Structures are given as C-alpha cells and as structure tokens.
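just need the structure, nothing else, for what follows:
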Amino acid sequence: MCGSKRVWVSELIFILLLVKWWWSEGCLEQERSALLQLKHFFNDDHRLQNWVDDENYSDCCQWERVECNNTTGRVIKLDLTQTRKWESAEWYMNASLFTPFQQLESLDLIGNNIAGCVENEGLERLSRWSFITQTLIIGW
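Numbering: from 1, shown residues only. The predicted model follows:
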C-alpha cells in the first residue's frame, strides 16, 4: 500500500511539472527588457503606453502590440506600426535590437520613417527571416 502511494505521488508531481513546462506564466524577462529598450526608439508613448517597467504590468504578453506563444511565453508577433512620432526624423535602425526575440514570426515596422539599418548590427540574422525582410522593405 505504501509503495503504490509513493508511485501515485511521484506521478502527480511529474504531471504538475509537465503542466508547468507547457503552460506559460507570461513573457520572459529577457524579452520584456528588450521591449522596454525598443520603446526608447519607437517614441510615441501614447501608442506604447502600457509598455512600462512596473510590476502591475510585468507580463509583456498582455501589452498592446505584443503577441506571445501561449506555451513558451516567447514573443511571436510585434506590431510597431506608426509608433514613432510623425515629426521624428528619418533614422537608421539597429536590427540587433530584435535578436532577443528568438521565436519572432511577425514584425511590422510600417510608418516609422526608417531610412535603413545600421550596417553589421544584426541585420544578417534578421534577413534570414523572410517575413522581416519583406516587412522592412514595405516600411522603408
């Protein structure tokens, strides 16, 4: 009887660990920090108003314009359309700012007055992702 109870408890613990692994509790801290860094470049605070470094808004998967994978908690979609103030000058984006987002599937940068990318700053990695290259071309 005691042996079967141990097996049952072990199986329950194993199942709970699997559920914990499969179900995400929010975004990863590394990606949350990267989003807060991006906010400084995409400077329309009104459109990114809930991107704040505050414990009440710590789950970046709940932020506007951010979509995460429900299982991993990783950012899979960023919609940064027109998130720079319209009076801002053209700028050269540092593509390495997007390298923390390892599962990014969609990136929209249209309407941000991007003149190009800083050379040798992560663009070679991002250019392998055809969806980003297409979005950047449309955005320029």
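
quick check: the gap between W91 and A34.
18 Å (CB to CB, to the nearest Å). The way it works is simple: take the backbone N, C-alpha and C, and place the C-beta from them, glycine included.

what's the answer for F98, then?
From F98 over to A34 the distance is 8 Å, taken as CB to CB.

for A89, same thing?
24 Å.

show me where this protein has its strands.
66-68, 75-79, 91-93, 106-108, 114-117 (DSSP state E).

present the ones you listed as JSON lines; the columns should include distance to H46, mean neighbour count and mean pLDDT.
Output for the strands of the chain, formatted as JSON lines (distance: least, CB to CB, whole Å; neighbours: other CB atoms under 10 Å; pLDDT from 0 to 100):
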{"stretch": "strand 66-68", "distance to H46": "16", "mean neighbour count": "20", "mean pLDDT": "96"}
{"stretch": "strand 75-79", "distance to H46": "15", "mean neighbour count": "20", "mean pLDDT": "96"}
{"stretch": "strand 91-93", "distance to H46": "19", "mean neighbour count": "16", "mean pLDDT": "85"}
{"stretch": "strand 106-108", "distance to H46": "18", "mean neighbour count": "18", "mean pLDDT": "93"}
{"stretch": "strand 114-117", "distance to H46": "20", "mean neighbour count": "14", "mean pLDDT": "84"}
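
tabulate these (CSV), appending distance to F41.
Converted to CSV, the strands of the chain look like this (distance: least, CB to CB, whole Å):
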stretch, distance to F41
strand 66-68, 15
strand 75-79, 12
strand 91-93, 7
strand 106-108, 14
strand 114-117, 10
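
ok, which of those strands comes nearest R47?
strand 75-79 (9.8 Å; CB to CB).

the closest one - contacts with which helices or strands?
Contact here means 3 or more CB pairs under 8 Å, 6 or more residues apart in numbering; DSSP states H and E; on that basis strand 75-79 packs against strand 66-68, strand 106-108.

out of these, the one nearest I76 is which?
strand 66-68 (5.8 Å).

tell me the strands beside that closest one, with direction?
strand 75-79 (antiparallel) (DSSP bridges).

can you tell me what sits against the partner strand?
Strand 75-79 has contacts (CB atoms under 8 Å, 6 or more residues apart in numbering) with 27, 31, 35, 60-61, 65-69, 98, 101, 103-108.
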